[in-house]
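# The following block contains a protein sequence and its predicted model.
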Amino acid sequence: MPFSSTYIIAARRSALGRIGGLHRSRRIADLAAPVILAALKDSGLQPADVDELIVGNASEGGNPARLISLASGLPETVASHSIDRQCASGLDAIIAAVRVVQAGEADVVVAGGADSLSTAPWRVAKPKSLYQLPHFLRVEPAGDETFDDATPFEISELLPRRLGITRARQDMVAMQSHLKAEAARVARRFAGEIVPMRANAEENRDQSAVEPQMDDLEEMQPFAPPHGTLTPGNTSALHDGAAFVVVVSERIWREKGKPAAMRLVSAAAQGVAHDNDGEAPIEAMQKLYSRLNGFKRDEIGVFELSESSAAQVIALSELLNIDLAKINPDGGAVARGHPLGAAGAVLVVRLFSTLVRAAGPEKSKYGVATLGAIGGLGLAALFEAVR
């Protein structure tokens, strides 16, 4: 079952910054290159050792992987390509890297995701006639004709409405996410994964991970009044960020002295109806479970979910019978932000910190990264620690 010939031996990310905030003047290559170089340094490999770079991205257009490759000082001979599965792009890129190495086509592949929404180009729709004005397009694609006029938040409201998840429960889970993120920061559990772009404290922490007051969350207005339950406080906001891992073959892993690593066990992607968007990660998880014949689900110690809202965390817990304490133990996207094409790669970096980098005998052996992508797509991947 495990992809035993491939290993993730290093994983790094940037701090996540609000759009127009921490990374406001950094273009995508400026944001991604330092993260890639830090991951390579951790792995003991040089830029010249890299065979391929795979980048998940949803906002830049073209092939930003090539620009990032050159900015990182990788040889001009390094093959580089970009993947766009919207929010799932970064996780998809890492899964693709594993398959490339597994197929024997490369020994060292750097993969992950990056999105600099603060500096990404704007997209403008061409008018249908000379008498219409052009208009800006959203980052996410439109849905089917039935929901074209509905906002993403109106569609997301369908999940808590179907499952009867109250506003109060969502606010409480959002508050817990912030508290967990703050506890992890104080315990320096992000110290080994975040790459500061400059030597100052702001570059070492996620910009939105600040502890709110419960009263503030309760007073926030919903996106879809008067009966909506989703608010700026219990949903994840788009952020700038980058996250990358180093995937190597068994030969390289052995040459490096068999360092502690992580490997992919299995992955699953699943599409859902557009009005069922919020349950996409859950559907992907169910498909993943169906592929794990004989595997004991209770052996999975951590589930990293880049949630669109706190309601999605509650739904994952209830529908799949997962202990809430196992979901985003160091806080989720509601607390730290959602860096679009980098979001799935951030999940893998978080798993690497939890399964591989953390000390102590209580470490879990298995962890899951899962998230949904706008338009009704879900992706889930099971990873195993190799120590």
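Yep, that arrived.
# my guess is residue 117 contacts residue 59, does it?
Yes. Here residue 117 reaches residue 59: they are 5.8 Å apart, a contact under Cβ atoms under 8 Å. Glycine gets a C-beta too; all of them are placed from N, C-alpha and C.
# these two touch, right, residue 353 and residue 192?
Yes. If you go by Cβ under 8 Å, residue 353 and residue 192 touch, sitting 6.3 Å apart.
# Comparing the two, which residue is more hemmed in?
residue 353 (22 against 15; other Cβ atoms under 10 Å).
# Could I get the average pLDDT for the helix or strand hosting residue 243?
Assigned by DSSP states H and E, residue 243 belongs to strand 239-249. If you average the pLDDT over strand 239-249, you get 97.
# Flag the shaky bits of the stretch 1-150 of the chain, pLDDT-wise.
For the stretch 1-150 of the chain, residues meeting the criterion pLDDT under 70 lie at 1-4, 139-150.
# Which stretches in it count as strands?
Using DSSP state E, counting those that start in this stretch, the strands found in the stretch 1-150 of the chain span residues 6-13, 17-18, 52-56, 79-83, 108-115, 124-125, 135-136.
# Figure out which of these is closest to residue 24.
strand 17-18 (7.5 Å; Cβ to Cβ).
# Outside of that closest one itself, list whatever touches it.
23-24, 118, 206-208, 237, 239-241, 337 (Cβ atoms under 8 Å, 6 or more residues apart in numbering).
# beta partners for residue 114?
Beta-bridge pairing for residue 114 (DSSP bridges): residue 242.
# re earlier: just the angle for the strand holding residue 243 relative to strand 52-56, thanks.
150 degrees (axes from the mean of the first three to the mean of the last three Cα atoms, to 10 degrees).
# mind listing the helices in this protein by residue range?
Assigned by DSSP state H, the chain shows helices spanning 28-43, 64-71, 89-102, 152-156, 158-163, 167-186, 214-219, 250-255, 280-290, 310-320, 333-336, 343-352.
# any chance of these in TSV, plus distance to residue 264 and mean neighbour count?
Shown next, in TSV, are those (distance: least, Cβ to Cβ, whole Å; neighbours: other Cβ atoms under 10 Å):
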stretch	distance to residue 264	mean neighbour count
helix 28-43	17	23
helix 64-71	20	23
helix 89-102	5	27
helix 152-156	29	18
helix 158-163	28	18
helix 167-186	24	19
helix 214-219	37	12
helix 250-255	13	15
helix 280-290	11	22
helix 310-320	20	23
helix 333-336	22	30
helix 343-352	9	31
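# Count the residues that sit near residue 205.
Residue 205 has 19 nearby residues by other Cβ under 10 Å.
# which residues touch it?
So residue 205 contacts 15, 185, 190, 194 (Cβ under 8 Å, 6+ apart).
# So what does it look like in phi/psi?
Dihedral pair for residue 205: phi -150, psi 150, per degrees, to the nearest 10.
# Distance check, residue 296 against residue 191.
32 Å (Cβ to Cβ, to the nearest Å).
# Correct me if wrong: residue 126 contacts residue 134.
Yes. Look at residue 126 against residue 134 with Cβ under 8 Å: they come within range, at 6.6 Å.
# Count the residues that sit near the closest residue to residue 43 other than its chain neighbours.
Distances taken as Cβ to Cβ, 6 or more residues apart in numbering put residue 10 closest to residue 43, at 3.9 Å, once the chain neighbours are dropped. Residues near residue 10, counting by other Cβ under 10 Å, number 26.
# My read is that residue 10 contacts residue 37, right?
No. Look at residue 10 against residue 37 with Cβ under 8 Å: they stay out of range, at 11.0 Å.
# Next, give phi and psi for residue 220.
Here is the backbone geometry of residue 220 (degrees, to the nearest 10): phi -70, psi 140.
# so what's the closest residue to it other than its chain neighbours up against?
Distances taken as Cβ to Cβ, 6+ apart put residue 231 closest to residue 220, at 4.0 Å, once the chain neighbours are dropped. For residue 231, the contact set (Cβ under 8 Å, 6+ apart) comprises 167, 171, 217, 220-223.
# Residue 296 and residue 191: who's more crowded?
Neighbour count, other Cβ under 10 Å: between residue 296 and residue 191, residue 191 has more, with 12 against 8.
# Now do that one, the pLDDT please.
87.
# now the one 5 residues further on
The predicted structure scores residue 196 at 93 on the pLDDT scale.
# neighbours around it, how many?
15.
# What is the neighbour count of the closest residue to it other than its chain neighbours?
Spatial nearest neighbour of residue 196, excluding adjacent residues (Cβ to Cβ, 6+ apart): residue 203 at 3.6 Å. Per other Cβ under 10 Å, the neighbour tally for residue 203 reads 17.
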